[in-house]
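# Pasting a predicted model and its sequence here:
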Amino acid sequence: MVPAGISGGVGLYERYLALRIRRHEAEPPDHVALIITERDLLEQGAYGTLTDFFEWAVDYASLVTVYVSVLDREAVPALRRELETVDAPREVAVRGPDDRTPADAPIRIGIGLGGKHEFTSAVRTLAGSVAEGELDPEAIDDEAVEDHLVFPSEPDLVIKTGAERLSDFMIWQSVYSELYFTDINWRDFRKRDFLRAVREYCNRSRRFGR
């Protein structure tokens, strides 16, 4: 609820939310992840919203990850070209479903076929290294698997728009993340929705699986 002294429009409400976050005793998320779909990006203005999201997120987080789920691998090249031209306040790295090129950019965009595919691809690569005698099976641990994921970093906060499910994404990385679901569709996602997610994160007591 907005106090009586703060009213009169969306801009004021957003400033109110930002103030609540700044004054909160808990730290905001340092790594924010967003999960959207290829269909979301077909909506008018979708790429503009993505640019805005980057602007909002870097005010709080040092690392921002966006996963875009696709159903058809053939759609990946064209989508990747589009995403590589998105305006962003910091350097962006775009990776495809089987791309394992290291990414040190503060903004990372992954195009994928789902978390199961990503995990299976990592296991297949490790199995190939074992078969070729390059890797001892006993040496395979959590870090070995993570090294073969598209983006291995574990987000503090994962935001999913449009539905209360992760769309089979970030199965490994999000195990200890705080998940925030909103029924707001991507085309209608605004700064106030992002700030609500950050505020909710600050209000939670993180247990990291304990």
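Here it is on my side, so go on. Numbering: from 1, shown residues only.
# I'd like to know the phi and psi angles of residue 57, please.
In terms of degrees, to the nearest 10, the main-chain angles of residue 57 are phi -70, psi -40.
# Wait, it touches residue 32, no?
Yes: assessed by Cβ atoms under 8 Å, residue 57 is found in contact with residue 32 at 4.9 Å. In short, each C-beta sits where N, CA and C put it, glycine included.
# what touches both of the two?
Listed contacts common to residue 57 and residue 32 are residue 64; contacts here mean Cβ atoms under 8 Å, 6 or more residues apart in numbering.
# Can you list the buried residues in stretch 198-207?
Within stretch 198-207, the residues that qualify as buried by neighbour count (16 or more other Cβ atoms under 10 Å) are 198, 199, 201, 202.
# any idea which of those residues is closest to residue 23?
residue 202 (9.9 Å; Cβ to Cβ).
# wait, what's in contact with the closest one?
If you count contacts by Cβ under 8 Å, 6+ apart, residue 202 has them with 21, 24, 26, 27, 28.
# Could you save those residues as JSON lines and add columns showing neighbour count and pLDDT?
Formatted as JSON lines, the contacts of residue 202 follow (neighbours: other Cβ atoms under 10 Å; pLDDT from 0 to 100):
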{"residue": "21", "neighbour count": "19", "pLDDT": "96"}
{"residue": "24", "neighbour count": "14", "pLDDT": "95"}
{"residue": "26", "neighbour count": "13", "pLDDT": "94"}
{"residue": "27", "neighbour count": "11", "pLDDT": "94"}
{"residue": "28", "neighbour count": "18", "pLDDT": "95"}
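# quick one: which of the residues you listed is nearest residue 192?
Of all those, residue 21 has the smallest distance to residue 192: 12.1 Å, by Cβ to Cβ.
# ok, then the element right after the helix or strand harbouring the closest one?
Taking DSSP states H and E as the definition, residue 21 sits inside helix 10-23. Taking DSSP H and E as the definition, the helix or strand that follows helix 10-23 towards the C-terminus is strand 31-37.
# quick one, which residue of the protein lies the farthest from its center?
For the chain, the largest distance from the centre (Cα atoms, centre = their mean) belongs to residue 133, which lies 35.4 Å off.
# returning to what we had before: and which of the buried residues of stretch 198-207 is nearest to residue 150?
Top of the list for closeness to residue 150, among those and by Cβ to Cβ, is residue 201 at 23.5 Å.
# Need the phi and psi values for the spatially closest residue to that closest one that is not a sequence neighbour.
By the measure of Cβ to Cβ, 6 or more residues apart in numbering, the closest residue to residue 201 outside its immediate chain neighbours is residue 157, 4.7 Å from it. Its backbone dihedrals place residue 157 at phi -130, psi 130, with angles given as degrees, to the nearest 10.
# Wait, residue 157 touches residue 30, no?
No: with contact taken as Cβ under 8 Å, residue 157 and residue 30 are classed as non-touching, separated by 9.1 Å.
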